[in-house]
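Undergrad: fold the following, please.
(one chain, ligands or ions: 1)
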Amino acid sequence: MNAAIEKLLNNQIKYEAQASMQYLAMASWADAKGYNGVADFFYSQSEEERVHMTKLVKFVNERSGHVIIPELDKSKHDFNTLNELFETFLKSEMFVTEQINHVIYECLKHKDYNVHNFMQWYVTEQLEEEAMARTLLDKLNIIGTDKSGHYLFDRDINAIAASQNKTQ
Ligand code: FEO
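TA: Numbering: from 1, shown residues only. Next comes the predicted model:
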């Protein structure tokens, strides 16, 4: 495997791991605040990101690359509002999308069509996750600071997430 591509895939392993830990911290914050629906949503997002990370680890190994399990930056663990929580979610997904686009660009530059092909799964996944984060943040922006709105959002978030997945 081209050394530059191997480095980028190792970076991507870190970003997916970082997202997994960040969403775990967000789930835990929501759990402690009594937002059980939001907590379930982020526990599940955290698991998904772990799957994204492991898929990359296995792929690099299959290609006889060298995987470096990364040290992670500290996750953000305190939030003032639900809006801030979901702004962090959207920002994190936008960052991951940017990094994936960069990997794709470099794959084409180095003519590594195998990795390019593998990364297409991540392109699709990011499209879905970014759309989901935007939809949920839009709903929260409509709700504003209304407490009963937050109650309903927490009650319905997993149904909203499931119906969004069905339309994609
Ligand atoms: Fe796997 Fe949503 O980043």
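
Undergrad: burial check on the spatially closest residue to residue 137 that is not a sequence neighbour, number of neighbours?
TA: If you skip the residues right next to it in sequence, residue 137 has residue 86 as its closest partner in space, 4.4 Å away by Cβ to Cβ, 6 or more residues apart in numbering. C-beta: built from backbone N, CA, C; applies to glycine. Residues within reach of residue 86, counting by other Cβ atoms under 10 Å, total 26.

Undergrad: just checking, residue 86 touches residue 138?
TA: No. Under the criterion of Cβ atoms under 8 Å, residue 86 makes no contact with residue 138, lying 9.4 Å away.

Undergrad: pLDDT value on residue 48, please?
TA: The predicted structure scores residue 48 at 96 on the pLDDT scale.

Undergrad: following the host helix or strand of it, which helix or strand comes up?
TA: Element membership of residue 48, judged by DSSP states H and E, is helix 36-62. For helix 36-62, the following helix or strand on the C-terminal side (DSSP H and E) is helix 82-109.

Undergrad: for that next one, the distance to its chain's centre please.
TA: Relative to its chain's centre, helix 82-109 lies at 8 Å (Cα atoms, centre = their mean, to the nearest Å).

Undergrad: I'd like to know which elements it is packed against.
TA: Using 3 or more Cβ pairs under 8 Å, 6 or more residues apart in numbering; DSSP states H and E as the contact definition, the elements that helix 82-109 packs against are helix 3-33, helix 36-62, helix 113-143.
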